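Student: Need a 3D model of the sequence below.
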Amino acid sequence: KIQRQLGKTRGDWLIADAEYLLSVANERLHLIGDVKTALEALEGADQRLRESGDSGIIKVREKIAEEIATIKN
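Tutor: Numbers count the residues shown, from 1 in each chain. Now for the predicted structure:
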């Protein structure tokens, strides 16, 4: 397990962090109604996905942008 963790790239870690932030956003918004923290978590997740440089996550970033716009409106 440790060897598998050590083999991860910076991009892998950024994507994992983004996944965590997306779950935080979901929980804060739907369970507590904390819009401010949910929005910050979504923006943080988008930033990490952008930094990861993974071209395969474009659709995910588009969906996050939609969710951010919905919350702001």
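
Student: End to end on stretch 45-63, go ahead and measure it.
Tutor: End-to-end distance for stretch 45-63: 12 Å, by C-alpha to C-alpha, to the nearest Å.

Student: what comes up buried for it?
Tutor: 45-49, 52, 54, 57, 60-61 (16 or more other C-beta atoms under 10 Å). For glycine as for every other residue, the C-beta is placed from the backbone atoms N, C-alpha and C.

Student: Equivalent analysis for stretch 31-40, please.
Tutor: 34, 38-39.

Student: what does stretch 65-72 give?
Tutor: So stretch 65-72, judged by 16+ other C-beta under 10 Å, has buried residues 67-68.

Student: Tabulate the CA atom coordinates of it in PDB.
Tutor: Output of stretch 65-72 as PDB, limited to C-alpha atoms (Å, rounded to 0.1, in the frame of the first residue of the first chain):
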ATOM      1  CA  ALA A  65     -18.500  25.600 -13.200                       C
ATOM      2  CA  GLU A  66     -22.200  25.000 -13.700                       C
ATOM      3  CA  GLU A  67     -22.600  24.200 -10.000                       C
ATOM      4  CA  ILE A  68     -20.700  27.300  -8.900                       C
ATOM      5  CA  ALA A  69     -22.900  29.500 -11.200                       C
ATOM      6  CA  THR A  70     -26.100  27.900  -9.800                       C
ATOM      7  CA  ILE A  71     -25.000  28.500  -6.200                       C
ATOM      8  CA  LYS A  72     -24.000  32.100  -6.900                       C
END
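
Student: for that stretch, what is the average pLDDT?
Tutor: Averaging pLDDT along stretch 65-72 yields 95.

Student: ok now it, how far from the chain's centre?
Tutor: 13 Å (C-alpha atoms, centre = their mean, to the nearest Å).

Student: who touches it?
Tutor: With C-beta atoms under 8 Å, 6 or more residues apart in numbering as the test, stretch 65-72 has contacts from 25, 29, 35, 38-39, 42-43, 46.

Student: Where does the residue nearest the centre of the chain sit, in terms of helix or strand?
Tutor: For the chain, residue 45 is the residue whose C-alpha lies nearest the centre (C-alpha atoms, centre = their mean; 2.6 Å). Following DSSP states H and E, one finds residue 45 within helix 35-52.

Student: Right, I'll leave it there.
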